[in-house]
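1. predicted model and sequence below, questions to follow.
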Amino acid sequence: MIRILANDGIDPDAQMLLEEAGYEVDTQKVAQDNLLKVLPQYDVIIVRSATKVRRELIDACPNLKVIARGGVGLDNIDVEYAQSKGIEVMNTPAASSQSVAELAFAHMFTLARFLHQANRAMPVKGGTAFKDLKNAYSSGLQLRGKTLGIIGFGRIGQEVARIGLALGMNVLPVDLVVEEASIDIHLYHTEDISLSVKLKSADWEEALTKSDFITMHVPFTGGQPLIGEAEIARMKQGVFLINTARGGAIDEEALLKGLESGKVAGAGLDVFDFEPTPRPELLQHDRVSLSPHIGAATNEAQANIGLELADKILAFFGDDQ
Ligand code: NAD
């Protein structure tokens with residue numbers, strides 16, 4: 001029997017699918033330090049971003065056949081080392097794109113209408129300050145007609161472009177590889193009316209200098225941040241920056257300076273340099289809208305992730321249980 005340890009949880013439907021196929025699925029979380037003892041009894045480990053599967057753990061598990069990552073980034077797994085040992089490494093790159101894209105817009109709408117500030121101030125200041133707060137938050141912006149720079153025009157970047165186009169934004173995607181993509185907009189109430197737009201990638205300089213909102217959707221595994229002081233200096237006065245990609249894609253020191261000088265009007269951050277203890281100056285900044293790395297954390301994305309992984313695991317082992 002194939003034994004699976006789903007150490008960072010698994011969607012119940014996906015668990016059922018695997019169990020119905022005769023696999024054993026354990027969902028009790030094993031602490032990182034205990035995995036060396038426990039994981040050798042399993043054929044498959046399913047993780048999200050919390051559990052690390054490093055060389056030492058891989059060496060301790062000669063029977064491990066599959067490392068399955070629910071989500072996109074594989075930075076918590078020594079992928080090449082695992083593959084050199086004949087272990088299959090799988091992930092679910094597309095399952096959460098829509099959820100991440102929607103979170104990027106949640107931050108944009110929040111910043112545009114001061115919701116992050118209103119949510120902090122109203123419970124504290126109460127009814128007495130209602131009028132003052134109304135005045136303070138009365139210079140909001142509409143997204144329609146604004147220019148949206150999308151850094152990284154891959155799966156998530158294209159979902160962001162779709163929402164941006166549907167909102168009436170001027171969308172300027174930038175990518176190292178993707179030169180053009182077909183963006184399909186389907187209307188909910190009819191299958192007959194849908195719109196397909198061929199959107200060409202823009203020039204980096206154009207996106208940097210013309211955008212009102214700039215949102216990051218590139219992989220980042222260390223090294224130079226894509227957005228640092230020099231890049232922020234070339235942006236429009238009052239730009240909004242959104243990062244739902246990875247901490248480090250935007251230089252946080254440069255971002256703080258930009259916020260202080262007013263060059264950056266606001267930032268929406270789901271990812272941080274020092275997770276799980278981000279810089280207090282960012283957490284406490286009144287022009288930063290925050291979320292604790294929840295880009296893929298919707299019920300729909302989790303279900304998609306679980307089912308996609310279950311399908312891949314079933315396909316890998318075939319009937320050989
Ligand atoms: P993807 O691979 O489909 O797209 C990334 C794109 O970025 C590619 O087209 C690539 O060519 C481009 N790119 C790489 N380096 C670039 C650079 N320097 N300049 C311009 N373009 C560059 O990946 P995706 O599925 O769209 O995911 C993007 C990132 O989102 C992931 O790598 C991950 O870090 C992040 N992510 C975050 C969450 C979250 O919970 N916040 C969830 C899922 C993914």
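-> That came in fine, so what should we check first?
2. how about stretch 116-134: buried residues?
-> 116-117, 121 (16 or more other C-beta atoms under 10 Å). Every C-beta, even on glycine, is put in place using the N, C-alpha and C of the backbone.
3. just the residues you listed now: which is nearest the ligand?
-> His116 (17.4 Å; C-beta to the nearest ligand atom).
4. which of the three states applies to the closest one?
-> Classification of His116 by DSSP: H, G, I helix; E, B strand; the rest coil places it in helix.
5. which bits of the stretch 151-300 of the chain sit near the ligand?
-> 151-157, 174-178, 217-219, 226, 244-246, 270-271, 293, 295-296 (C-beta under 6 Å from any ligand atom).
6. so which of those residues are in strands?
-> When these are checked against strands (DSSP state E), the matches are 151, 174.
7. domain assignment for the chain?
-> Domain segmentation of the chain under automatic domain parsing yields 3-95+299-317, 97-290.
8. let me have these in TSV, extended by mean pLDDT.
-> Output for the domains of the chain, formatted as TSV (pLDDT from 0 to 100):
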stretch	mean pLDDT
domain 3-95+299-317	95
domain 97-290	96
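9. helices of the stretch 201-321 of the chain, residue ranges please.
-> For the stretch 201-321 of the chain, the helices defined by DSSP state H, counting those that start in this stretch cover 204-210, 229-234, 252-261, 280-283, 299-317.
10. so which bits of the longest one are buried?
-> Which is helix 299-317. By neighbour count on 16+ other C-beta under 10 Å, the buried set for helix 299-317 is 301-302, 304-310, 313-314, 317.
11. now do stretch 144-155
-> Buried residues in stretch 144-155, counted by 16+ other C-beta under 10 Å: 146-155.
12. all the strands of the protein, in order from the start?
-> Counting by DSSP E, the strands of the chain are 3-6, 24-26, 44-47, 66-69, 88-91, 147-151, 170-174, 180-186, 194-200, 213-216, 239-243, 264-269, 288-290.
13. which residues does Val44 bridge with?
-> Listed by DSSP bridges, the beta-bridge partners for Val44 are Ile4, Val66.
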